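Engineer: A predicted structure for the sequence below; I have some questions about it.
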Amino acid sequence: MNSKLKKWLSSIALTLVVIFSLALIFNRQIKTWMVSQYNPTVSEQVVTKNEKKKADFNFSKVKSLDWKTVVKARASEKRIKVIGEISYPEVGIHLPIGKGVDNLTLALAAGTLKENEKMGKGNYALAGHHMIDKKVLFGPLYWKAKVGQKVYLTDEKNIYEYQVTTRKFIKATDVQVIDDVKDQKLLTLVTCDATGAGRLMIRGKLVKEMKHQEAPASVQKLFSRQFNR
């Protein structure tokens, strides 16, 4: 092997090492950036179409969120069945809601934990990842969620206003928290705690339902901005 070829191969190897090292160093930043750039179009037509599609509701299959999953999700983002939006203004959450809790959906959105959930009825349960970044996905719940705050959902037809009544740490096995409660219209948000072994549950009760176009301008505005911003 001549010296020029050796030098060229050494340069290539060094470049690859540098790229790999930078990827490791900036793994969190890259992952956060890719999640924050997901901004799907959500309309009444899109929601109606996606609500008819099948989805995976097996939460036990969900893995911790790494950059490979985020890259795969961004490459396959059209497979995410968006069926609405969630806005929790006091903590800075505005996310698309995807049908189901498969890994691709939860990499970029909040996901419904039960089949055939309906906003404003029963116990509408959503799951979302808790990343280290305090501003991404359901991460803000851990740092900022408080009893008394308002959370809004929309299926693009109506807007549903909930008020937080409970902020509680639970075991990962406490799956009954997503069950319907007789004569109550609830919203339950679930994410991991700081250890990843337990769960943080935020629960609210429905206080108001309104037509999207008839809602106060300040409420409509919550859903007019880009996601994850």
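Structural biologist: The structure has been received and is ready for your questions.
Engineer: and residue 100, backbone torsions?
Structural biologist: Backbone geometry at residue 100, expressed as degrees, to the nearest 10, gives phi 90, psi 180.
Engineer: what's near enough to touch the closest residue to it other than its chain neighbours?
Structural biologist: In this structure, residue 100 finds its nearest non-sequential neighbour in residue 55, 2.9 Å apart by C-beta to C-beta, 6 or more residues apart in numbering. (Glycine included, C-beta is placed from N, CA and C.) The contact partners of residue 55, by C-beta atoms under 8 Å, 6 or more residues apart in numbering, come to 81, 98-100, 102, 105, 112, 115.
Engineer: Against residue 115, how distant is residue 55?
Structural biologist: Separation of residue 55 from residue 115 (C-beta to C-beta, to the nearest Å): 7 Å.
Engineer: And residue 193, what's its pLDDT?
Structural biologist: In this model, residue 193 is scored at 86, pLDDT.
Engineer: which residues pair with the closest residue in space to it that isn't next to it in sequence across the strands?
Structural biologist: Distances taken as C-beta to C-beta, 6+ apart place residue 200 nearest to residue 193, at 5.3 Å, with adjacent residues excluded. Beta-bridge partners for residue 200, by DSSP bridges, are residue 169, residue 191.
Engineer: right, and residue 200 touches residue 130 too?
Structural biologist: Yes. Judged on C-beta atoms under 8 Å, residue 200 makes contact with residue 130 at a distance of 7.3 Å.
Engineer: what is in contact with the two at once?
Structural biologist: Residues touching both residue 200 and residue 130 (C-beta under 8 Å, 6+ apart): 141-142, 191-193.
Engineer: Mind putting the residues you listed into TSV with neighbour count and distance to residue 67?
Structural biologist: Formatted as TSV, those follow (neighbours: other C-beta atoms under 10 Å; distance: C-beta to C-beta, whole Å):
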residue	neighbour count	distance to residue 67
141	22	22
142	19	21
191	22	19
192	23	17
193	15	22
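Engineer: Quick one: the strands in the protein, in order.
Structural biologist: Secondary structure of the chain (DSSP state E): strands at 82-88, 93-98, 110-112, 123-127, 150-154, 158-171, 186-192, 198-211.
Engineer: Just checking: what are the partner strands of the first one?
Structural biologist: In this case it means strand 82-88. strand 93-98 (antiparallel), strand 150-154 (antiparallel).
Engineer: who are the neighbours in contact with residue 165?
Structural biologist: 147, 203-205.
Engineer: Check the gap between residue 12 and residue 37 for me.
Structural biologist: Residue 12 is 30 Å from residue 37, by C-beta to C-beta.
Engineer: swap that for residue 175, sorry
Structural biologist: 32 Å.
Engineer: For these two, indicate the residue with more neighbours.
Structural biologist: residue 175 (15 against 12; other C-beta atoms under 10 Å).
Engineer: Can you give me every residue that contacts the nearest residue to that one once chain neighbours are set aside?
Structural biologist: With C-beta to C-beta, 6+ apart as the criterion, residue 175 has its nearest non-adjacent residue at 7.8 Å, and that residue is residue 59. Counting by C-beta under 8 Å, 6+ apart, residue 59 touches 101, 113, 127, 175.
Engineer: Would you list the phi and psi of the first one?
Structural biologist: In terms of degrees, to the nearest 10, the main-chain angles of residue 101 are phi -130, psi 40.
Engineer: Skipping adjacent residues, who's closest to it in space?
Structural biologist: Take residue 101 and drop its neighbours on the chain: the residue closest to it by C-beta to C-beta, 6+ apart is residue 111, 4.1 Å away.
Engineer: Ok, the second one next?
Structural biologist: In space, residue 113 comes closest to residue 125 once its chain neighbours are excluded; the distance is 4.1 Å by C-beta to C-beta, 6+ apart.
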